[in-house]
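Enquirer: Need coordinates for the following:
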Amino acid sequence: MRRPTRKAFAALVAAAGLALPLLTPTPASAATATSRFANYRYGDCLRETSETGLKGDRCTTGRGSLLWQWNGRLNTSTTLKNNFWGRCLDSNDRGDVYPLPCNGGSYQKWVTVQPAARSAIMLQSVGTGRCLYQQDNGYYRTVICDRNAQNQRFTVG
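Expert: Take a look at the predicted model:
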C-alpha cells in the first residue's frame, strides 16, 4: 500500500488555504433586510417617487418603492437602498435629502439610532450628523436631531 507523500500533503494544505477565503463572508455578501420605514408621527412610509424625489406615502399601497434594503441591525451604520429604483438615500449639509446612485460615501450612510428599547428609531446621517424627518407636506429633510420629535422617528416593518 502506498503512503501519502509530503508533497501530496503540502498540496492539500495549499488547496485548503486557497479555499478558505471563499468561505469567509465579505461586506458585499453581508445579509440585508428589506423593510418599510414608517414615520411615527404621520404613519406614512418613506418612498422614492422618482430619480430625485422622496415623499411619504401610505404604507399599504404595495409599491416596491416603499421598500428599502439595509443591514437590519439597530444602532449601527447602514446604507438605505431603494428596493425598486436601486438608488441610495443621500443628504447634504443644507438639510436636503434625495436618492442618488449608491457610492458608499458618508452622506449615504445612516445610523439607525434606537434611543430606548422597543422605541421607534431615528435615522441619523453619518456625513452630516443630522436626522431625517418628515415635513407636514409629506416631503423629507434633515435637521438637528431631537429625540422628542415624533416626525424624526420611524418604525421599521
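Enquirer: For burial, what's the neighbour tally of the nearest residue to Asn82 once chain neighbours are set aside?
Expert: The shortest distance from Asn82 to any residue other than its chain neighbours is 4.4 Å, reached at Glu48 (Cβ to Cβ, 6 or more residues apart in numbering). Where you see a C-beta, it was placed from the backbone N, CA and C, and this is true even at glycine. For Glu48, the tally of surrounding residues (other Cβ atoms under 10 Å) stands at 28.
Enquirer: show me the contacts for Ser125.
Expert: Listed by Cβ atoms under 8 Å, 6 or more residues apart in numbering, the contact partners of Ser125 are 91, 106-107, 109-110, 131-132, 142.
Enquirer: so the closest residue to Thr32 other than its chain neighbours bridges to which residues?
Expert: Nearest non-adjacent residue to Thr32, counting by Cβ to Cβ, 6+ apart: Gln69, 4.8 Å away. Residues in a beta bridge with Gln69, per DSSP bridges, are Thr34, Lys81.
Enquirer: which residues touch Ser50?
Expert: Applying Cβ under 8 Å, 6+ apart to Ser50 gives no contacts.
Enquirer: Next one: it relative to Gln150, how far apart?
Expert: Here the criterion is Cβ to Cβ, to the nearest Å. By it, Ser50 lies 27 Å from Gln150.
Enquirer: the helices in the chain, which residues?
Expert: 6-23 (DSSP state H).
Enquirer: Show the low-confidence segments of it, by residue range.
Expert: Along the chain, segments meeting pLDDT under 70 span 1-31.
Enquirer: The closest residue in space to Ala33 that isn't next to it in sequence: neighbour count?
Expert: Excluding the flanking residues, the one nearest Ala33 by Cβ to Cβ, 6+ apart is Gly72, at 3.1 Å. For Gly72, the neighbour count with other Cβ under 10 Å is 15.
Enquirer: Distance of Gly72 relative to Gln150?
Expert: 24 Å.
Enquirer: ditto for Leu46
Expert: Distance, Leu46 to Gln150, by Cβ to Cβ: 15 Å.
Enquirer: Cys45 too?
Expert: 15 Å.
Enquirer: And those two? Which one has more around it.
Expert: Ranked by neighbour count (other Cβ under 10 Å), Cys45 and Gln150 place Cys45 first, with 26 against 13.
Enquirer: show me what contacts that one?
Expert: 36-39, 56-59, 66.
Enquirer: Please enumerate the strands of the protein.
Expert: If DSSP state E is used as the criterion, the strands of the chain fall at 33-35, 37-39, 45-48, 54-57, 68-70, 77-79, 81-82, 87-91, 97-101, 109-113, 122-125, 131-134, 140-143, 154-156.
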